[in-house]
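A.B. asks: Here is the input, now give the coordinates:
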Amino acid sequence: MHHQGYNEEEIYGAYKIFFGTLVSESRLKIINFLRKEKKNVSEIMQELGLDQTSVSHDLARLKKCGFVKVESEGKFRYYELNEETIKPMMDIIEKHMAENCIHILREMNREK
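C.D. replies: Residues are numbered from 1 along each chain as shown. Here you go, the predicted structure:
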């Protein structure tokens with residue numbers, strides 16, 4: 001797989017950044033929470049039971065990598081999922097997991 005203007009090393013570096021963003025449990029929770037509608041920091045903190053420092057840190061990473069977009073409304077800043085790429089990708093991932101991954105989790109839980 002070769003993209004114009006990227007070398008092999010850059011592609012794998014970018015993969016690491018992309019999947020590294022997804023590997024954090026708190027960031028995944030934020031992504032899933034934002035799939036429904038845009039939210040501000042305090043709503044995210046309240047819903048997920050996370051402190052402001054970690055939420056702000058996670059949102060900064062998500063924003064930097066283009067997973068979320070931010071807009072100001074009055075004195076609040078609202079975060080929303082990238083509609084073009086991340087939202088449809090999460091739908092596809094969820095469909096894949098339902099068909100191929102949930103059963104593995106259930107088997108593991110039964111074996112405990």
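
A.B. asks: secondary structure element for the most centrally placed residue in the chain?
C.D. replies: Nearest to the geometric centre of the chain sits I31, at 3.9 Å (C-alpha atoms, centre = their mean). I31 belongs to helix 25-33 when elements are defined using DSSP states H and E.

A.B. asks: Mind listing what's buried along that helix?
C.D. replies: Going by neighbour count (16 or more other C-beta atoms under 10 Å), the buried part of helix 25-33 is R27, K29, I30, I31, F33. For the C-beta atoms, the positions are set from N, CA and C on the backbone; glycine is no exception.

A.B. asks: wait, doesn't the fourth one sit right on N82?
C.D. replies: What it means is I31. No - between I31 and N82 there is no contact under C-beta atoms under 8 Å: 9.8 Å.

A.B. asks: Which neighbours do those two have in common?
C.D. replies: Common neighbours of I31 and N82, using C-beta atoms under 8 Å, 6 or more residues apart in numbering, are F67, V68.

A.B. asks: quick one: contacts of stretch 72-92?
C.D. replies: So stretch 72-92 is contacted by 30-32, 34-35, 37-41, 44, 59, 62-63, 66-71 (C-beta under 8 Å, 6+ apart).

A.B. asks: And the buried residues of helix 25-33, which two are furthest apart?
C.D. replies: Distance extremes for those: the farthest pair is R27 and F33 at 10.6 Å, using C-beta to C-beta.

A.B. asks: Now do stretch 26-33: distance to the chain's middle.
C.D. replies: 5 Å (C-alpha atoms, centre = their mean, to the nearest Å).

A.B. asks: With stretch 64-76 instead?
C.D. replies: 14 Å.

A.B. asks: Check the model's average confidence along that stretch for me.
C.D. replies: Stretch 64-76 carries an average pLDDT of 95.

A.B. asks: Could I get the buried residue list for it?
C.D. replies: C65, F67, V68, K69.

A.B. asks: of all these, which comes closest to K16?
C.D. replies: K16 lies nearest to C65 out of the buried residues of stretch 64-76, by C-beta to C-beta, at 11.3 Å.
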